[in-house]
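A.B. asks: quick one, fold the following:
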Amino acid sequence: MAWVLFPGLLKADRRNGKTTLRKPFHFILIRKVCRSRAFVLVAILASAMVTAPARTRPLDVDDSDAKVAAPAVLDDPKLGSGFQLLYQLKFEQARQHFVQWEQERPAQPLGPALEAASVLFQEFYLKGVLTSEFFLDDNRLLGGIRDKPDAELERQFASAAQRAQKLARARMTIQPKDPDALFALTLIAGMQADDFFVIQKRQLDSMRSLKDTDRNARILLGVAPDTDDAYLALGVANYIIGCLPAYKRAVLWVGGVHGDKMLGMQQVARAAGSEHARYLRPFARLMLALAALREKNPDLARQQLQELATEFPENPLFAKELAKMTPVMTGVSSHNTP
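C.D. replies: Residues are numbered from 1 along each chain as shown. Got it, this is the predicted structure:
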């Protein structure tokens with residue numbers, strides 16, 4: 001069949017009278033590239049994401065959707081107290097808050113979703129993911145942690161995530177665009193993408209979760225536009241994909257995955273600066289600060305870290321990152337806030 005489609009590839013072998021396929025230089029080069037492990041990985045990712053929506057385009061909101069109030073759970077003071085404990089690195093106490101809230105509302109998917117968040121945040125802290133050393137090292141940011149995942153924390157995270165997904169999908173059988181369910185699913189898919197990519201180093205599964213994050217966040221923001229917490233998941237996905245090497249982004253582009261670093265930072269900045277990002281605003285500030293360090297924007301990074309250190313004086317992470325600003329960013333010029 002090859003000689004029918006590409007007759008120019010035929011050549012005659014005068015020694016034995018046979019006709020064989022020609023191997024011109026550019027075909028040999030393509031074959032060598034395709035045999036590289038990195039290309040094969042990215043090609044697999046692209047093929048898995050062919051139906052994924054492009055992330056460089058603005059949110060496509062269906063004007064026919066009836067706008068509803070933001071998820072009711074966003075104004076819960078007990079959840080707010082749990083997040084305050086989480087940002088003070090009091091993981092067990094925060095988790096107890098979320099579990100108790102879950103027990104009082106057994107049909108609400110956000111309870112186990114936030115339980116999962118407390119577990120993953122703890123593992124990220126223990127593995128040094130939330131540091132400038134990690135974010136400024138391409139091998140670690142784009143390749144994952146150096147040691148093995150914490151088996152017990154991974155088990156707890158997976159269990160809570162599965163419970164949240166089951167409850168959310170049950171609610172959506174009754175109301176397909178239930179904002180509480182969509183919020184929980186957006187959080188879970190975003191966390192699973194991070195866990196797969198950074199902790200477990202399962203890039204293919206991470207890309208699939210990013211597709212779910214993108215879809216759920218877009219639907220959520222279509223029916224509840226003020227749910228600015230959702231922009232954190234969208235922004236992190238855009239930024240990480242935008243940080244990949246050009247050849248990987250090129251292959252993912254063919255598969256419909258269009259990461260954009262600047263758009264990602266703008267989306268994270270929206271979550272970091274919005275009063276409507278009621279729970280994830282501090283985490284968005286940290287992500288924005290670390291991304292700003294990579295983008296050689298020390299003023300933005302310093303601003304975010306100063307605000308975090310002031311708001312959470314019991315958290316040593318924020319103070320340590322702020323103290324490292326001068327040596328890390330020596331000789332780097334400032335840029336405007338995205």
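
A.B. asks: what segments of the stretch 51-200 of the chain are helices?
C.D. replies: Counting by DSSP state H, counting those that start in this stretch, the segments of the stretch 51-200 of the chain that form helices are 77-87, 91-104, 110-126, 132-135, 138-141, 151-174, 179-194.

A.B. asks: now render the ones you listed as CSV, adding distance to Ala271.
C.D. replies: Quick note: C-beta positions are derived from backbone N, CA and C, even for glycine. As requested, those are exported to CSV (distance: least, CB to CB, whole Å):
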stretch, distance to Ala271
helix 77-87, 14
helix 91-104, 20
helix 110-126, 14
helix 132-135, 17
helix 138-141, 20
helix 151-174, 20
helix 179-194, 11
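
A.B. asks: ok, of these, where does mean pLDDT dip lowest?
C.D. replies: Mean pLDDT is lowest for helix 138-141 out of the helices of the stretch 51-200 of the chain, coming in at a mean of 90.

A.B. asks: what are the buried residues along that helix?
C.D. replies: For helix 138-141, the buried set under the neighbour-count rule, 16 or more other CB atoms under 10 Å, comprises 140-141.

A.B. asks: give me the neighbour count for Arg155.
C.D. replies: Using other CB atoms under 10 Å as the criterion, Arg155 is surrounded by 12 other residues.

A.B. asks: low pLDDT regions in the chain?
C.D. replies: 1-73, 251-252, 254-258, 326-338 (pLDDT under 70).

A.B. asks: can you say which of the helices of the stretch 51-200 of the chain is packed in most?
C.D. replies: Comparing the helices of the stretch 51-200 of the chain by mean neighbour count (mean count of other CB atoms under 10 Å), helix 179-194 ranks first with a mean of 26.

A.B. asks: angle of that helix against helix 110-126?
C.D. replies: Relative orientation of helix 179-194 versus helix 110-126 (axes from the mean of the first three to the mean of the last three CA atoms, to 10 degrees): 20 degrees.

A.B. asks: elements contacting the next helix or strand after helix 179-194?
C.D. replies: Read in the C-terminal direction, the helix or strand following helix 179-194 is helix 203-223, with elements assigned using DSSP states H and E. Using 3 or more CB pairs under 8 Å, 6 or more residues apart in numbering; DSSP states H and E as the contact definition, the elements that helix 203-223 packs against are helix 37-48, helix 179-194, helix 230-243.

A.B. asks: in a markdown table: the ones you listed, plus distance to Phe134.
C.D. replies: Listed next are these as a markdown table, based on distance: least, CB to CB, whole Å:
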| stretch | distance to Phe134 |
| --- | --- |
| helix 37-48 | 21 |
| helix 179-194 | 12 |
| helix 230-243 | 13 |
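
A.B. asks: ok, which of the ones you listed comes nearest Ala269?
C.D. replies: Judged by CB to CB, the one of the helices and strands packed on helix 203-223 that comes nearest to Ala269 is helix 230-243, at 7.7 Å.

A.B. asks: contacts only, for the closest residue to Met172 other than its chain neighbours.
C.D. replies: For Met172, the nearest residue in space outside its immediate sequence neighbours is Ala181; the separation is 4.9 Å by CB to CB, 6 or more residues apart in numbering. Contacts here follow CB atoms under 8 Å, 6 or more residues apart in numbering; on that basis Ala181 touches 109, 167-169, 171-172, 175.

A.B. asks: let's see it at 10 Å
C.D. replies: Applying CB atoms under 10 Å, 6 or more residues apart in numbering, one finds that Ala181 lies in contact with 71, 108-110, 164-165, 167-175, 216, 220.

A.B. asks: any idea how far Ala107 is from it?
C.D. replies: As for Ala181, its distance to Ala107 is 10 Å (criterion: CB to CB, to the nearest Å).

A.B. asks: mind listing the shared neighbours of these two?
C.D. replies: Between them, Ala181 and Ala107 share these contacting residues under CB under 10 Å, 6+ apart: 167, 170-171.

A.B. asks: out of the residues you listed, which is nearest to Gln96?
C.D. replies: Distance ranking of the shared contacts of Ala181 and Ala107 against Gln96, using CB to CB, places Leu167 first at 19.6 Å.

A.B. asks: please consider this matter closed, and thank you.
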